[in-house]
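Colleague: no sequence for this one, just the structure:
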């Protein structure tokens, strides 16, 4: 979602910066295009960072001795925390 929004902002900014040739007296469309392209790049980078970020996992290993048989018993639990979107 964030990467697509970043690309959209960049494309709209590039259109305003390079393709629109008319002037509006109350706003500079080329400056707005440059600002939208910059915002698009920032949003896309944030989206890529959130996408690449690894999940954190916690592994717990417990070892005990069974009193009846005298054998060593090990159990392993893994909890994976999904990344926050």
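Modeller: Received the coordinates, thanks. Source: prediction; values computed, not measured. Numbers count the residues shown, from 1 in each chain.
Colleague: Surely residue 63 is in a strand?
Modeller: Yes - under DSSP: H, G, I helix; E, B strand; the rest coil, residue 63 falls within a strand.
Colleague: measure the closest residue to it other than its chain neighbours to residue 34 for me?
Modeller: Closest residue in space to residue 63, ignoring its immediate chain neighbours: residue 74 at 4.8 Å, by C-beta to C-beta, 6 or more residues apart in numbering. (Each C-beta comes from the backbone N, C-alpha and C, glycine too.) Residue 74 is 61 Å from residue 34, where distance means C-beta to C-beta, to the nearest Å.
Colleague: Which pLDDT value goes with the residue nearest to residue 63?
Modeller: Model confidence at residue 74, given as pLDDT, is 77.
Colleague: Next, give phi and psi for it.
Modeller: Main-chain torsions, residue 74, degrees, to the nearest 10: phi -120, psi 140.
Colleague: Check residue 37 too.
Modeller: Torsion angles, degrees, to the nearest 10, at residue 37: phi -60, psi -40.
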